[in-house]
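Q: The sequence and its predicted three-dimensional model are supplied below.
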Amino acid sequence: MNIFKENIDLDTFKVSDLDISDIRDVERSLPNTGVFDLNIAELGLISTLRGENLCQEKIVFIDRYIGFLDGEKSKAWADAALSKSKAAGYKTAKDKEWFAAADTDYIIAANKLTMAKATKRWLEKKAGSFEKWHYAFKSFLRRDYSLENISGIKYNGYNNNVGGGSQELHDANICGDDDIQW
């Protein structure tokens, strides 16, 4: 059984250990030059949706992690301002604030939070990039299919009609000899 809690467990998580290989694989499957044909566009539609989904899954996890780190940052600041500054001999509120802002534990917590926010922003930008690619593929396909329809080619899938054609074709003399009776 796959429990959702296992997917968002933060006990051993580090932002730097986030696996983005699946996102990079999708990215590598897209054309580098922006030049593509019908087959690449059709495959690209599926790939870009997969890429967006992968990014969104990770963004939800990072959001949870940002909330956790925000609490850790506040806790580190409060501990430095209320406990450590008193032990260091600071008495005024302003001195305690300055001490807390320069505390090593607070700075470490703030840096972790900044890293998590940067990771979320990277994932959001990557999802946006996949969305733009998806739109480009979709527009290309829409334009390509509309050109086929304008030209008289009906792209409605396979023709399942296996009959011999219209009665007019059967009745017509295909050799051009109207006077010969068969």
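A: In hand now; what should we look at?
Q: Please, which helix or strand holds the closest residue to D95 other than its chain neighbours?
A: Excluding its sequence neighbours, the residue lying closest to D95 (C-beta to C-beta, 6 or more residues apart in numbering) is S85, at 6.9 Å. C-beta coordinates here come from the backbone N, C-alpha and C atoms, glycine included. Here S85 sits within helix 85-87, counting by DSSP states H and E.
Q: Which strands and helices lie in contact with the helix or strand following that helix?
A: The element immediately downstream of helix 85-87 (helix or strand, assigned by DSSP H and E) is helix 93-101. The contact analysis (3 or more C-beta pairs under 8 Å, 6 or more residues apart in numbering; DSSP states H and E) places helix 93-101 against helix 38-79, helix 85-87.
Q: Just say which of the ones you listed is most tucked in.
A: The highest mean neighbour count among those, using mean count of other C-beta atoms under 10 Å, belongs to helix 38-79: a mean of 17.
Q: In terms of secondary structure, what does that one contact?
A: Judged by 3+ C-beta pairs under 8 Å, 6+ apart, the packing partners of helix 38-79 are helix 21-29, helix 93-101, helix 104-150.
Q: Select, out of the ones you listed, the one closest to I59.
A: helix 104-150 (5.0 Å; C-beta to C-beta).
Q: Roughly how far does the residue nearest the centre of the chain sit from A127?
A: In the chain, the residue lying closest to the centroid (C-alpha atoms, centre = their mean) is E52, at 1.9 Å. Going from E52 to A127 by C-beta to C-beta, to the nearest Å gives 5 Å.
Q: do the same with L141
A: 21 Å.
Q: cool, and G71?
A: From G71 over to A127 the distance is 26 Å, taken as C-beta to C-beta.
Q: that older thread, more neighbours: which of L141 and A127?
A: Higher neighbour count among L141 and A127: A127, with 20 against 15, using other C-beta atoms under 10 Å.
Q: excluding its backbone neighbours, what's nearest the more buried one?
A: Counting by C-beta to C-beta, 6+ apart, A127 lies nearest to C55, which is 3.7 Å off, once chain neighbours are set aside.
Q: sorry, back to before: output the helices and strands packed on helix 38-79 in CSV; the columns should cover distance to A41 and mean pLDDT.
A: Output for these, formatted as CSV (distance: least, C-beta to C-beta, whole Å; pLDDT from 0 to 100):
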stretch, distance to A41, mean pLDDT
helix 21-29, 13, 94
helix 93-101, 53, 92
helix 104-150, 4, 89
